[in-house]
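J.: predicted model and sequence below, questions to follow.
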Amino acid sequence: MHTLIAAFYHFVALEEHSALQAPLLEACRRHGVRGTILLAPEGVNGTIAGPQDGVRAVLAKLRADPRLAELVHKESWADAVPFVRLKVRLKREIVTMGVPDTDPTRAVGTYVDPKDWNALISDPEVVVVDTRNDYEHAIGTFQGAVDPQTRSFRDFPAWVERHLDPASRPKVAMFCTGGIRCERATSYLKQRGFDEVYHLRGGVLKYLEEVPADESLWQGDCFVFDQRVSVGHDLKPGAFDLCFGCRWPISAADKASESYVEGVCCPRCADSVTPEQRARFAERQRQMDLAEARGQAHLFEGEPHG
């Protein structure tokens, strides 16, 4: 494995954040780095991949800005770059929950390091909440974690309103893929009057990197937003692919089903895909197969880890 993948985010006031876009694009192109970097007035969020020296050069470019000097990243490795495109985008927020004035730079929950996470979530008085979406939870989560069954992070506040009451003074422990969604989610809970709110520092990715498999309370794989689809302990690529019909992760058993058609549908969406969609998806798969036969990469629209 010779491709380095770096996931990172940092909440900080970035005045004139647009001025960072062109230099970062140039640095990534010069060093053969692909992926996505989001820039907003509240900070930066990204996942990039490429040669080791190139990725480290881009990270150094980011940290050269004094406001981003404390940026922390997580590393994993792959046989090939899991992105086809390079995108450095300007956004209003680096992670969106749809609640105005939720500011992680003002107040967030208490960080819990991976080595201390097992003890926290083993406490029967702690409510462990998976802030990720339904398709992420479906392939892996922590033992005993509550699944809010959200399709989008924007659905999370409504779930909190229905299921968590600050008046009952619960202890809430939250986790997500890389940590960034929990920054906003714990800030929201603090804003709502919850006192004891905790979140996993570095997210599931950091936990899988640092906690040995024989001590782990994680079950299954962790969904990631690139061509790897999922990773396991030590951040090794997992066993899932992605259904291009419904964008859900699919297992070997799913692909063995009579309902599975490569590039078109899986057992989950086979009954809902229209004949027009089937034709369009089948043509897309045909074009991808032709591109692969020519030795060309097909496009994958990845996003930074949440």
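T.: Yep, that arrived. Residues are numbered from 1 along each chain as shown.

J.: what lies in contact with stretch 232-249?
T.: With contact meaning C-beta atoms under 8 Å, 6 or more residues apart in numbering, stretch 232-249 is reached by 75-78, 135, 138-139, 205, 208-209, 211-213, 216, 218, 221-223, 228-231, 250-252, 254-255, 263-266, 268-270, 272-273, 277, 281, 284-285. Quick note: C-beta positions are derived from backbone N, CA and C, even for glycine.

J.: mind listing what's buried along that stretch?
T.: By 16 or more other C-beta atoms under 10 Å, the buried positions in stretch 232-249 come out as 232-233, 235, 237-238, 240-245, 248-249.

J.: quick one: the helices in the chain?
T.: Here the chain has its helices, by DSSP state H, at 21-30, 52-63, 114-121, 134-137, 156-163, 180-191, 203-210, 252-256, 275-293.

J.: what average pLDDT does the fourth one get?
T.: Averaging the model's pLDDT scores along helix 134-137 yields 97.

J.: list of residues touching it?
T.: Here helix 134-137 has contacts from Asp130, Ala145, Asp147, Gln149, Thr150, Arg151, Thr177, Cys222, Phe223, Arg247, Trp248, Pro249, using C-beta under 8 Å, 6+ apart.

J.: ok, the last one next?
T.: Surrounding helix 275-293, the residues in contact under the criterion C-beta under 8 Å, 6+ apart are Phe244, Gly245, Val261, Glu262, Gly263, Val264, Cys265, Val273, Ala297, His298.

J.: in TSV: these, plus distance to Glu70 and pLDDT.
T.: Formatted as TSV, the contacts of helix 275-293 follow (distance: C-beta to C-beta, whole Å; pLDDT from 0 to 100):
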residue	distance to Glu70	pLDDT
Phe244	39	89
Gly245	42	91
Val261	48	96
Glu262	44	95
Gly263	43	94
Val264	46	96
Cys265	45	96
Val273	46	93
Ala297	35	60
His298	37	57
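
J.: can you say which of the residues you listed are buried?
T.: The neighbour count (16+ other C-beta under 10 Å) marks Phe244, Gly245, Val261, Gly263, Val264, Cys265, Val273 as buried among the contacts of helix 275-293.

J.: ok so, going back, what's the PyMOL line that selects buried ones from the contacts of helix 134-137?
T.: A single PyMOL command is used to select the members of the contacts of helix 134-137 judged buried by 16+ other C-beta under 10 Å:
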select buried, resi 130+145+150+177+222+223+248+249
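
J.: which two in the contacts of helix 134-137 are spaced the farthest apart?
T.: Ala145 and Arg247 (22.2 Å; C-beta to C-beta).

J.: please tell me how far the most far-flung residue of the chain relative to its centre sits from Val172.
T.: Here the chain reaches farthest from its C-alpha mean at Pro275, the gap being 32.2 Å by C-alpha atoms, centre = their mean. According to C-beta to C-beta, to the nearest Å, Pro275 and Val172 sit 46 Å apart.

J.: returning to that earlier point: tabulate the buried residues of stretch 232-249 (TSV), appending distance to Asp101.
T.: Formatted as TSV, the buried residues of stretch 232-249 follow (distance: C-beta to C-beta, whole Å):
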residue	distance to Asp101
Gly232	38
His233	38
Leu235	35
Pro237	39
Gly238	37
Phe240	37
Asp241	40
Leu242	35
Cys243	37
Phe244	38
Gly245	38
Trp248	33
Pro249	34
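
J.: what residues sit buried inside the worst-scoring helix or strand of the chain on mean pLDDT?
T.: Comparing every helix and strand of the chain by mean pLDDT, DSSP states H and E singles out helix 275-293 as the least confident one, with a mean of 90. Neighbour counts over helix 275-293 (16+ other C-beta under 10 Å) mark Phe281, Gln285, Met288 as buried.

J.: any idea how far it is from the middle of the chain?
T.: Put simply, helix 275-293 sits 27 Å off its chain's centre (C-alpha atoms, centre = their mean, to the nearest Å).

J.: could you do stretch 89-98 as well?
T.: Taking mean C-alpha positions (C-alpha atoms, centre = their mean), stretch 89-98 and its chain are 14 Å apart.

J.: do the same with stretch 263-272
T.: Relative to the chain's own centre, stretch 263-272 is displaced by 24 Å; criterion: C-alpha atoms, centre = their mean.

J.: cool, and stretch 202-212?
T.: On C-alpha atoms, centre = their mean, the centre of stretch 202-212 falls 13 Å from that of its chain.

J.: just stretch 126-140 next, same as before
T.: 12 Å.

J.: farthest-separated two in the buried ones among the contacts of helix 275-293?
T.: Taking C-beta to C-beta, the two most distant members of the buried ones among the contacts of helix 275-293 are Gly263 and Val273; they sit 11.3 Å apart.
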